[in-house]
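Asker: Give me a 3D structure for the following:
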Amino acid sequence: MTDEEVVLMKVHFMRAVLYAVIFFLLSGSYLYSSSVRADPDYVATGIEFRGVPAVKIGDDIGFDRFSIGGMIEVRNEERFNQEALPNHNWRGFVFAYYGLPVFSRGTGYGVLSAGFEHESAHPTMGLNEPASDPHQKIYDGIYRNINMNSFLLRYCHTIEDSYILKLIIDSQFYFASRNTPELPYTDTGWSEGVSGGAEYSFPLSVSWEIFVSVHDRYIFRGRSESRRDVWFSEGGSAVLKNVSYPVINSVNTVTLKTGTTFNTGCDGVMLSVYGSVLYGNIYGFVDSRDKRLQYAIGIELVH
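Answerer: Residues are numbered from 1 along each chain as shown. This next block holds a predicted model:
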């Protein structure tokens with residue numbers, strides 16, 4: 001496939017997403033929950049321990065046709081200095097969705113959603129110390145961030161029987177975005193992404209249930225590049241090179257989450273206790289080349 005064909009394909013993709021968003025804005029629709037709990041962008045309030053603590057506060061508001069919400073997450077960054085002034089990793093996520101029922105038969109139904117998502121991540125600087133790992137060089141005296149804006153199309157299929165099985169698939173168009181804090185400036189570009197998830201929950205009683213959830217997100221490398229000074233690893237040490245570097249790098253994150261949920265009896269508020277495993281590119285202010293295997297336990301509230 002030639003470069004011109006790739007550009008043309010992406011232009012058609014962008015138009016299709018924009019047309020779909022306009023269609024949903026002009027049509028009557030209803031709100032349905034369509035996220036899975038393994039999604040790192042799952043909106044909730046809670047605390048998680050993954051070697052260091054992470055705290056998030058989030059909620060959403062639903063109307064007949066519309067839902068908006070978001071969360072703020074802050075965590076200590078275990079890969080960097082944790083002395084008197086620890087480095088913090090701040091991440092924000094907001095969304096606006098419309099949902100349209102497109103399928104219903106027996107115990108199963110499907111919902112097609114369109115909307116907008118914004119994710120950003122920023123560091124709070126601690127004490128600067130020398131580092132030999134290029135992934136640690138993003139914590140320096142230069143302002144760096146992650147800023148992702150996207151239009152989203154999502155199909156969610158749910159089966160409700162003696163159990164609940166939920167399957168989702170997303171397609172996203174990213175614009176005015178960047179996910180490479182290893183670039184020291186705020187250049188932006190555009191790209192696409194796909195994600196999917198599955199969740200199985202089984203009630204143990206009227207108030208208790210257990211669940212298993214999995215989620216996978218992949219963002220494709222964008223075509224926009226910027227010539228900047230970027231840190232690389234050579235011979236076990238960090239080397240600074242002036243290179244042409246993608247503004248949006250390809251990243252992939254797979255998450256497995258399982259636990260138990262019970263109804264607190266307080267205005268529909270649910271409390272979950274869970275364990276999770278994440279492999280790939282960590283969400284938040286992290287070098288886009290940095291892949292990790294991360295285990296976590298946590299508690300979260302959602303309604």
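
Asker: Could you pull out the strands in the stretch 101-250 of the chain for me?
Answerer: Counting by DSSP state E, counting those that start in this stretch, the stretch 101-250 of the chain has these strands, from start to end: 108-124, 146-160, 164-178, 189-203, 208-219, 225-234, 237-246.

Asker: CSV for those strands, including mean neighbour count and mean pLDDT?
Answerer: Every residue, glycine included, has its C-beta placed from N, CA and C. Output for these, formatted as CSV (neighbours: other C-beta atoms under 10 Å; pLDDT from 0 to 100):
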stretch, mean neighbour count, mean pLDDT
strand 108-124, 19, 92
strand 146-160, 19, 96
strand 164-178, 19, 96
strand 189-203, 18, 96
strand 208-219, 19, 97
strand 225-234, 15, 90
strand 237-246, 13, 90
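
Asker: among these, which is nearest Leu278?
Answerer: Nearest of the strands of the stretch 101-250 of the chain to Leu278, taken as C-beta to C-beta: strand 208-219 at 9.5 Å.

Asker: So what angle separates the directions of the closest one and strand 146-160?
Answerer: Angular relation of strand 208-219 and strand 146-160 on a 0 to 180 degree scale: 140 degrees, by axes from the mean of the first three to the mean of the last three C-alpha atoms, to 10 degrees.

Asker: I'd say Ile68 and Ile61 touch.
Answerer: Yes: contact criterion C-beta atoms under 8 Å: Ile68 and Ile61 qualify, at 5.7 Å.

Asker: Between those two, tell me which one has more neighbours.
Answerer: Regarding Ile68 and Ile61, a neighbour count based on other C-beta atoms under 10 Å identifies Ile68 as having more, with 14 against 9.

Asker: who's in contact with that one?
Answerer: The neighbourhood of Ile68, defined by C-beta atoms under 8 Å, 6 or more residues apart in numbering, consists of 60-61, 94-97.

Asker: Just the buried ones from those residues, in ChimeraX syntax?
Answerer: Applying 16 or more other C-beta atoms under 10 Å to the contacts of Ile68 leaves a buried subset, and the ChimeraX line that selects it is:
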select :60,94,95,96,97
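
Asker: just the contacts of Ile68 now: which is nearest Ile297?
Answerer: Asp60 (24.3 Å).

Asker: hang on, that closest one packs against Ser67?
Answerer: Yes: counting by C-beta under 8 Å, Asp60 sits close enough to Ser67 to count as a contact (5.7 Å).

Asker: And the nearest residue to Phe175 once chain neighbours are set aside, how far from Thr158?
Answerer: Take Phe175 and drop its neighbours on the chain: the residue closest to it by C-beta to C-beta, 6 or more residues apart in numbering is Trp190, 4.6 Å away. For Trp190, the distance to Thr158 (C-beta to C-beta, to the nearest Å) stands at 32 Å.

Asker: circling back: want to throw the strands of the stretch 101-250 of the chain into a markdown table with distance to Asp140?
Answerer: Formatted as a markdown table, the strands of the stretch 101-250 of the chain follow (distance: least, C-beta to C-beta, whole Å):
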| stretch | distance to Asp140 |
| --- | --- |
| strand 108-124 | 9 |
| strand 146-160 | 16 |
| strand 164-178 | 17 |
| strand 189-203 | 23 |
| strand 208-219 | 25 |
| strand 225-234 | 9 |
| strand 237-246 | 11 |
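
Asker: Nothing else from me, thank you.
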